[in-house]
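A.B. asks: model this:
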Amino acid sequence: MPRREIVLVIAVAVLVLVMRVQLRRSERMPLMSATKVFTAAPPAPPPQRCFAVGFPGRPPRKVVDVKPVYPQGARDRHVTGTVIVAATIDENGRVLRPEVLRSIEWLDTAALEAVKQWQFAPATLHGTPVCVTMSVVVSFPGDM
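C.D. replies: Residues are numbered from 1 along each chain as shown. Next comes the predicted model:
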């Protein structure tokens, strides 16, 4: 018998022995019940989408208006004008993540601080409160 055939016969014998041992082990193991039920947590709800004003629902309505504090540095320099802020208004009417869209350097911080304090009756779509993003205007007239 050539050497290659001997190695092949030994390899087959080892495989048969391993399979036999595995079969005996599996006979000793208890069978898993086929009626066992595994449950998983429900999938997370899809992320809430914020609409832009102009959507087919009722827009938010401001119910708490906080006037901006006119910064002394801007007052001394006679800086006036309008800062435009993008504000996200959540389903509870709170302002989230205000960002300046049109800036007047001396007035931006005061405008953002005022807008953060505003509160709204939330926007609704088919009677359900929804999140919206809209632009708001904060004016700083010269006589503040």
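
A.B. asks: Now Val16. Its backbone dihedrals?
C.D. replies: Note on Val16: its backbone torsions stand at phi -60, psi -40 [degrees, to the nearest 10].

A.B. asks: tell me the domain boundaries of the chain?
C.D. replies: Listed domain ranges for the chain are 1-31, 51-140 (source: automatic domain parsing).

A.B. asks: Buried deepest among those, which one?
C.D. replies: Ranked by mean neighbour count, these are led by domain 51-140 with a mean of 16 (mean count of other C-beta atoms under 10 Å). Any C-beta I mention is one placed from the backbone N, CA and C, and that applies to glycine too.

A.B. asks: first vs last residue of that domain, how far apart are they?
C.D. replies: Start and end residues of domain 51-140 are separated by 28 Å (C-alpha to C-alpha, to the nearest Å).

A.B. asks: so how far is it from its chain's centroid?
C.D. replies: Distance of domain 51-140 from its chain centroid, counting by C-alpha atoms, centre = their mean, to the nearest Å, is 21 Å.

A.B. asks: tell me the mean pLDDT for that domain?
C.D. replies: Domain 51-140 shows a mean pLDDT of 94.

A.B. asks: and if you look at stretch 13-25?
C.D. replies: 74.

A.B. asks: mind saving the C-alpha coords of that stretch as PDB?
C.D. replies: What follows is stretch 13-25 as a C-alpha-only set of coordinates in PDB (Å, rounded to 0.1, in the frame of the first residue of the first chain):
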ATOM      1  CA  ALA A  13     -10.600   6.600  10.500                       C
ATOM      2  CA  VAL A  14     -10.000   9.700  12.600                       C
ATOM      3  CA  LEU A  15     -13.000  11.500  11.100                       C
ATOM      4  CA  VAL A  16     -15.200   8.500  11.700                       C
ATOM      5  CA  LEU A  17     -14.000   8.400  15.300                       C
ATOM      6  CA  VAL A  18     -14.700  12.100  15.800                       C
ATOM      7  CA  MET A  19     -18.200  11.800  14.400                       C
ATOM      8  CA  ARG A  20     -18.900   8.800  16.600                       C
ATOM      9  CA  VAL A  21     -17.900  10.800  19.700                       C
ATOM     10  CA  GLN A  22     -20.000  13.700  18.600                       C
ATOM     11  CA  LEU A  23     -23.000  11.500  18.100                       C
ATOM     12  CA  ARG A  24     -22.700   9.900  21.600                       C
ATOM     13  CA  ARG A  25     -22.500  13.400  23.200                       C
END
